[in-house]
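> Everything below, folded, please.
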Amino acid sequence: MNDAAQGLPFLKGHGTENDFVIIPDPYGRVELTASDVARLCDRRAGLGADGVLRVVRSAAHPEAARYADEAEWFMDYRNSDGSVAEMCGNGVRVFARHLERAGLVDAGDLVIATRAGVRRVHIAKPAAPGAPGDITVDMGTAALPGGDVTVSVGERSWPARNVNMGNPHAVAFVAALDEAGHLLDAPGVAPATAYPEGVNVEFVVDRGPRHVALRVHERGSGETRSCGTGACAVMVAAARRDGLDPAVTGEPVTYVVDVPGGRLAITERPDGRVEMTGPAVIVAEGTVDTAWLRG
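From the prediction side, this is the model:
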């Protein structure tokens, strides 16, 4: 952290209960170590969150400067253990909500830079006073690497679909969500070579036609109440399992994806773009005691 700072402004927000500490840092002056992030995200001794969103102008961040002409803002996302992550779908919605709430952008279309590339976002106008509109994020295209993957919990194992949404996912269809166990620890994944940098694992059940529900273990965070990229990976895996491919039919396909913290609508379009629509809420703001954070 910058030693000159006397206090660190923050906000707290969530998207379908995937929650984040938001650190406004438009000029890139805040230095957050992995231990700083873990301390902020600690649910008993800190603010509590699944991750940290640092809000930086692209031109002020070395990893995002190349996007500055296209996207003014860069989402520097860290998992709750302090590790750096490429992308977070729920995080992008919360990031956009903060920008809107702070008067930095208006409802409508904007572009946000992430480590997985730029993401196009649409903030719907409020449906009623005090009722923020949903936010739609263009999550890019899904990659479906070949090869067999298996996930396991205890003595049980399931075949899984390898899906990459800018970050890696293993999607397993199960008979009941409680088969995944407590998900505090990472499920086993084989072969290990399929995911050299770790993987998010989704367990999925059917709720009805084009309607599924999931539980997820996010690498670096454990089980979370929601995972946006995971919901997108699940939708694509479910569509292919069901014989649906918009690139073949020329027709978009939408699935409702229930997560423990709410509901998302995921659409795959004929050009391969995957769009996620859901809520995003800012619930609090304040200042972190930097002496505590350094402690």
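> what are the ranges of the strands in the stretch 151-295 of the chain?
Assigned by DSSP state E, counting those that start in this stretch, the stretch 151-295 of the chain shows strands spanning 156-164, 168-173, 188-190, 200-208, 211-218, 222-224, 253-259, 262-268, 273-278, 281-288.
> between those strands, which gets the lowest average pLDDT?
Across these, the stretch with the lowest average pLDDT is strand 222-224; it has a mean of 92.
> so what does it touch, helix or strand wise?
Applying 3 or more C-beta pairs under 8 Å, 6 or more residues apart in numbering; DSSP states H and E, we find strand 222-224 packed against strand 211-218. (Each C-beta comes from the backbone N, C-alpha and C, glycine too.)
> residues of the strand it packs on that come out buried?
Residues V212, A213, L214, R215, V216, H217, E218 are the ones in strand 211-218 that count as buried (16 or more other C-beta atoms under 10 Å).
> so can I have JSON lines of those showing distance to A190?
As requested, these are exported to JSON lines (distance: C-beta to C-beta, whole Å):
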{"residue": "V212", "distance to A190": "24"}
{"residue": "A213", "distance to A190": "25"}
{"residue": "L214", "distance to A190": "21"}
{"residue": "R215", "distance to A190": "20"}
{"residue": "V216", "distance to A190": "19"}
{"residue": "H217", "distance to A190": "15"}
{"residue": "E218", "distance to A190": "19"}
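> highest average neighbour count across the strands of the stretch 151-295 of the chain?
strand 168-173 (a mean of 25; mean count of other C-beta atoms under 10 Å).
> Give me the distance from that strand to the chain's centre.
Strand 168-173 sits 15 Å away from the centroid of its parent chain (C-alpha atoms, centre = their mean, to the nearest Å).
> got the CA positions of that strand in CSV?
The C-alpha coordinates for strand 168-173 follow below in CSV (Å, rounded to 0.1, in the frame of the first residue of the first chain):
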residue,chain,number,x,y,z
PRO,A,168,-10.7,-22.2,-16.9
HIS,A,169,-13.7,-24.2,-15.9
ALA,A,170,-14.6,-27.9,-15.4
VAL,A,171,-18.3,-28.5,-15.7
ALA,A,172,-19.8,-31.7,-14.2
PHE,A,173,-23.5,-32.7,-14.5
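> Tell me which strands it pairs with, and in which orientation.
Strand 168-173 has the following strand partners under DSSP bridges: strand 156-164 (antiparallel), strand 200-208 (parallel).
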